[in-house]
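predicted model and sequence follow; I will ask about them next.
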Amino acid sequence: MKYDAVLIAGPTASGKSAAALALADHIGGVVINADSMQVYREAPILTAQPDGQARARVPHLLYGHVSARDVYSVGRYADDALRALREARTMKKIPIFTGGTGLYFAALTEGLAEIPPVPAEIRAEARALLDRIGAPALHARLAERDPQTAGQLRPSDPQRTLRAYEVFETTGRPLAQWQRDTGAPLLKDLSLARFVLNPERPLLRARIAERFETMVDQGGLEEALALADLDPALPAAKLLGLRPLIAHARGELDRDAAISLAVTATRQFAKRQMTWFRNRMADYVWIDPSDGNIIATYEQISV
């Protein structure tokens with residue numbers, strides 16, 4: 001069977017970028033980012049973006065094309081991904097979407113809600129309120145107006161709480177209801193090969209720790225310090241390890257403590273990613289990266 005596109009999902013540090021690169025080499029593909037942190041140009045090391053050698057081997061799209069100081073959303077990603085898909089077709093190459101952001105894969109395969117834009121004045125008022133009272137208190141206010149959406153959010157999550165609050169203030173309708181009313185998926189009517197990389201947990205934990213050590217050695221600390229003034233309500237402020245490394249750069253934490261906090265947060269994030277994949281991607285082909293390569297599996301299901 002001939003596939004029009006390939007999807008490779010997986011938790012952080014599971015080897016997605018290497019798998020996508022090898023497959024792109026093999027089938028004549030272009031790698032398209034589907035990770036919400038790898039879009040930011042100021043943090044190529046901390047977000048483990050493909051390096052120059054990888055990009056020289058095969059085309060890579062949607063990596064480092066957004067400022068960390070921009071409000072980048074899944075809606076914007078869908079627009080960018082559509083342009084990348086068209087670019088891949090112009091190059092006559094198979095698009096290989098890879099990353100760890102489940103919501104991006106949902107946009108590709110399930111569609112997005114057509115939520116009206118938030119007026120600038122409402123966004124400014126909501127941001128000012130968040131700055132004044134903090135995320136937990138804003139979450140409490142959201143719960144009074146929109147208990148349905150608030151119940152799906154952590155009180156400590158300023159970005160998603162702010163978004164839900166803005167949408168309700170704009171439309172008078174819960175964000176959770178908007179999200180149920182989706183439009184056509186980006187990859188509608190395409191034949192898709194879908195994979196989830198599923199490494200053994202001890203291996204993944206070790207790889208996360210090893211990779212973060214390498215990131216710090218290769219300049220991750222400098223990247224973090226350059227983002228020290230980032231608005232905590234921005235999506236990029238959720239970058240894993242950012243706050244511990246800033247604290248280390250300022251002399252508030254020693255190196256080992258900062259890395260330990262960052263590694264712990266990354267492992268917790270990987271666990272949440274796997275929960276999403278199990279709940280929303282059970283029909284994908286699940287692969288243990290240590291058992292074989294994705295190329296062999298791709299060819300096996302392409303018969």
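Good, I have the coordinates.

any idea how far E210 is from A13?
Distance, E210 to A13, by CB to CB, to the nearest Å: 8 Å. From N, CA and C alone the C-beta is placed, and that goes for glycine too.

between those two, which one's more packed in?
Neighbour comparison, E210 and A13: the larger count goes to A13, with 23 against 12 (by other CB atoms under 10 Å).

assumed the more buried one was part of a strand.
No - using DSSP: H, G, I helix; E, B strand; the rest coil, the assignment for A13 is coil, not a strand.

so it sits against I208, correct?
Yes - taking contacts as CB atoms under 8 Å, A13 lies within contact range of I208: 4.7 Å.

shared neighbours, those two?
266, 270 (CB atoms under 8 Å, 6 or more residues apart in numbering).

what comes up buried for stretch 106-122?
With burial defined by 16 or more other CB atoms under 10 Å, the residues of stretch 106-122 counted as buried are 106-113, 115, 118.

cool, stretch 131-147 as well?
By neighbour count on 16+ other CB under 10 Å, the buried set for stretch 131-147 is 135, 138-139, 142-143, 146.

dump that stretch to PDB, restricted to CA.
This file holds the C-alpha atoms of stretch 131-147, laid out as PDB (Å, rounded to 0.1, in the frame of the first residue of the first chain):
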ATOM      1  CA  ASP A 131      -0.700  39.000  36.600                       C
ATOM      2  CA  ARG A 132      -2.600  40.500  39.400                       C
ATOM      3  CA  ILE A 133      -4.200  37.400  41.100                       C
ATOM      4  CA  GLY A 134      -2.100  34.500  39.800                       C
ATOM      5  CA  ALA A 135      -3.000  31.300  38.000                       C
ATOM      6  CA  PRO A 136      -4.700  29.400  40.900                       C
ATOM      7  CA  ALA A 137      -7.100  32.300  41.600                       C
ATOM      8  CA  LEU A 138      -7.800  32.800  37.800                       C
ATOM      9  CA  HIS A 139      -8.600  29.100  37.700                       C
ATOM     10  CA  ALA A 140     -11.000  29.500  40.500                       C
ATOM     11  CA  ARG A 141     -12.800  32.300  38.600                       C
ATOM     12  CA  LEU A 142     -12.900  30.200  35.500                       C
ATOM     13  CA  ALA A 143     -14.400  27.400  37.600                       C
ATOM     14  CA  GLU A 144     -17.300  29.700  38.600                       C
ATOM     15  CA  ARG A 145     -18.100  30.500  34.900                       C
ATOM     16  CA  ASP A 146     -16.900  27.400  33.100                       C
ATOM     17  CA  PRO A 147     -16.600  24.400  35.500                       C
END
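
OK, contacts around R205?
By CB under 8 Å, 6+ apart, the contact list for R205 reads R267.

in the one helix or strand it maps to, what counts as buried?
In this structure, R205 sits in helix 201-215 according to DSSP states H and E. The neighbour-count check on helix 201-215 (16+ other CB under 10 Å) flags 204-205, 207-209, 212, 215 as buried.

list of residues touching the very next helix or strand once past that helix?
Per DSSP H and E, the first helix or strand lying C-terminal to helix 201-215 is helix 221-226. In this structure, residues lying in contact with helix 221-226 by CB under 8 Å, 6+ apart are 42-46, 241-242, 245-246, 248-249.

which members of those are the farthest-apart pair?
Farthest pair in these (CB to CB) is P44 and H248. Separation: 19.6 Å.

pLDDT averaged over the helix holding R205 - what is it?
The pLDDT scores in helix 201-215 average 95.

again, but for stretch 72-82
What stretch 72-82 shows for mean pLDDT is 92.

and that stretch, how far out from the chain's middle?
Distance of stretch 72-82 from its chain centroid, counting by CA atoms, centre = their mean, to the nearest Å, is 12 Å.

mind listing the helices for the protein?
Taking DSSP state H as the test, the helices found in the chain are 16-27, 52-57, 74-90, 102-109, 120-133, 135-145, 147-150, 158-171, 175-180, 201-215, 221-226, 242-249, 255-280, 294-301.

closest to P235 out of those helices?
Across the helices of the chain, P235 has its closest neighbour in helix 158-171 (5.7 Å, CB to CB).

what's near enough to touch I287?
Taking CB under 8 Å, 6+ apart, we find I287 in contact with 195-198, 294, 297.

so where's this protein shaky on pLDDT?
1, 182, 292, 302-303 (pLDDT under 70).

show me the domain layout of it.
The record's domain parsing of the chain by automatic domain parsing lists 5-112+183-301, 120-180.
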